[in-house]
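Q: any chance you can model this:
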Amino acid sequence: MQRNIAKTHIQFRKMGKIIARVSEIETLERKYNSGKSEFVIVYGRRRIGKTFLINRLFSERFTFTFVGSRKQKQETQLHRFSSQLKFYSGSVFAPTLNSWEDAFDELKNLIENKPKEERKVIFFDEMPWIDTPKSSFVSALEYFWNAWAAQRDDILFIACGSATSWMVQHLVKNKGGLHNRITGQIYLRPFRLGECEEYLEDMGCHWDRYTILQCYMAMGGVPYYMSLLNPEQSLAQNLDRLYFSKNAPMREEFNELYNALFTHADAYIAVMKCLAERKEGMMRAEIISHTGLSGGQLSKVLDNLSRCDFIEIYSRFRSSVSNSLYRINDPYTLFYFKFLEGNNTKDEHWWTNNMHSHSVESWQGFSFETICMQHIEQIKQSLGIGGISTSVSTWRKLGDAGEKGAQIDLVIDRADRVINLCEMKFSETPYAITKEYESRLRERMAIFREEMRIRKSMVLTMVTTYGVLRGVHSGVVQSEVMMDDLFK
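A: Sure, this is the predicted structure:
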């Protein structure tokens, strides 16, 4: 088994370097070598590299592949399926298909004509797009798998799709013929900072980590977005070209992204828009108030957004699940709402001309906090508590006429009876703590201790780009995490 995985990695290096995805590759190879029929689904947001991964891994081993077409009628889908059958069978004629039952019958004939000892790899890409209204595609798939494929021991069936809500509803949570039939699930998440650094280096983009961090603020860890960067241009020039030039591709990407992923995308966009305006996050009741979505509809929207890494759900310190905070988690969406929506500028160098404005500085602070929340494991490793059991939460106390409010974005409650209260600050230089800010930090800690009746030790942790500038007021900080630590 290990030899097969090692061989696969050698093939990858020959075909072009694959960044990260090691565990995903090992899972797919394990399913390939399992000696029984496997039904594996691969899902994740648009542009994340699902098809790229499968094609690179099985390019020489496919028995049959088919790609669904967005907004195409069943007749068109079946015609293209027939053409693929003709191609993989080597036949002169393409079979006539009138239904998906016919399509799967012909697929069975194709497989049965292959050598018995050969592993049959079947790949359906963009499966949600195949399931057109009244097509009965899912029921035909159920019958194909249960009545035939699952009875064999030589099939690896891979279903892939960007429309996460469809993949979850019709495959993961299927209550019909595919209930408990999925033998493997692979969710492709966006890259983290260290993986982005490796990706950019591989494409000849030799930027320092501060620049990569700023790039991440605009694009997140989506490989395709980074592939659009020109290594011979500065980050500012790239952002002007990709976001603000005429027909800028990343401006047009927004609507494509949400409409490709979600049915009734307007509801999802409405939720993301209100979360983008509140950096500390919002409670469920607040989202309902801002969007007007019903409870049941909102639950579905929040669940699907969470599955796609667009939002993160944070429990509130020592509070019930019903009081959880929902916070935007996608840098690209945050960038879009901040600088592109409603911005009808004709200035194709808008970013270069505004990159030092107060608006950009404010966004950088918000975005840096978002990125830090995505890299909590790296923060824990830097603090030397990676092996200690922890719970991560947020905390806030609303103020009133008689008392001050307070907010702590990241609380790490440790099993060794220590609590890290994390402050996150983005700056171009080591962060200087003023007398006023020191006073505010101490007051915030005191309110937290009193309000929550804390008996544990508390440590104020600063997460910054270049550390805290040593001075008369920096003694309030007891531990630090810097930008370089987030890249580990």
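Q: confidence score at Tyr32?
A: Among the per-residue scores, Tyr32 shows a pLDDT of 98.
Q: need phi/psi at it.
A: The phi/psi pair for Tyr32 (degrees, to the nearest 10) reads phi -60, psi -40.
Q: grab the nearest non-local neighbour of it.
A: Leaving aside its chain neighbours, Tyr32 sits nearest to Leu156 (5.5 Å; criterion: Cβ to Cβ, 6 or more residues apart in numbering). For glycine as for every other residue, the C-beta is placed from the backbone atoms N, C-alpha and C.
Q: now do the same for that neighbour: helix, strand or coil?
A: strand (DSSP: H, G, I helix; E, B strand; the rest coil).
Q: what are the bridge partners for it, then?
A: When bridges are called by DSSP bridges, Leu156 pairs up with Glu38, Val121.
Q: work out for me the element Asp409 sits within.
A: Element membership of Asp409 [criterion: DSSP states H and E] is strand 406-414.
Q: listing partners with orientation, what would you give for that strand?
A: strand 390-397 (antiparallel), strand 418-425 (antiparallel).
Q: what's next to the first one, contact-wise?
A: This means strand 390-397. Defining contact as Cβ atoms under 8 Å, 6 or more residues apart in numbering, one finds that strand 390-397 is touched by 280-281, 314-319, 325, 376, 380, 403, 405-415, 447-448, 451-452.
Q: PyMOL command to pick out the buried ones of those residues?
A: Written as a PyMOL command, the selection of buried residues from these, which uses 16 or more other Cβ atoms under 10 Å, is:
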select buried, resi 281+314+315+316+317+325+380+406+408+409+410+411+412+413+414+447+448+452
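Q: put the alpha carbons of stretch 210-226 into CSV.
A: In CSV, the C-alpha atoms belonging to stretch 210-226 read as follows (Å, rounded to 0.1, in the frame of the first residue of the first chain):
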residue,chain,number,x,y,z
TYR,A,210,4.2,40.4,4.5
THR,A,211,3.2,40.6,0.8
ILE,A,212,1.9,37.1,0.8
LEU,A,213,-0.2,37.9,3.8
GLN,A,214,-1.7,40.9,2.0
CYS,A,215,-2.3,38.8,-1.1
TYR,A,216,-4.2,36.3,1.2
MET,A,217,-6.4,39.1,2.4
ALA,A,218,-7.6,39.7,-1.1
MET,A,219,-7.8,36.1,-2.4
GLY,A,220,-7.8,33.7,0.5
GLY,A,221,-6.3,30.3,0.0
VAL,A,222,-8.0,29.5,-3.4
PRO,A,223,-5.4,28.0,-5.7
TYR,A,224,-7.0,29.2,-9.0
TYR,A,225,-7.2,32.8,-7.8
MET,A,226,-3.4,32.7,-7.1
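Q: and the strands in the stretch 51-200 of the chain?
A: 62-67, 120-125, 155-161, 184-187 (DSSP state E, counting those that start in this stretch).
Q: deepest-packed of the ones you listed, please.
A: Neighbour counts (mean count of other Cβ atoms under 10 Å) averaged over each of the strands of the stretch 51-200 of the chain peak at strand 155-161, with a mean of 24.
Q: in the helix or strand hosting Val481, what's buried?
A: Using DSSP H and E, Val481 sits in strand 479-482. Using 16+ other Cβ under 10 Å as the test for burial, strand 479-482 gives Glu480, Val481, Met482.
Q: the closest residue to Ser227 other than its chain neighbours: neighbouring residues, count only.
A: Closest residue to Ser227 apart from its sequence neighbours, by Cβ to Cβ, 6+ apart: Met203 at 7.1 Å. Close neighbours of Met203, defined as other Cβ atoms under 10 Å, add up to 14.
Q: Met203 contacts Leu228, correct?
A: No. Using Cβ atoms under 8 Å, Met203 is not in contact with Leu228, being 10.4 Å away.
Q: pick the most deeply packed of the strands paired with strand 406-414.
A: Buried most deeply of the strands paired with strand 406-414, by mean count of other Cβ under 10 Å, is strand 418-425, with a mean of 21.
Q: run through who's touching it.
A: If you take Cβ under 8 Å, 6+ apart as the criterion, strand 418-425 is touched by 365, 368-369, 372, 379, 383, 385, 408-414, 431, 441, 444-445, 448, 454, 456-465, 479, 481.
Q: if anything else comes up later, I'll come back, but that's it for now.
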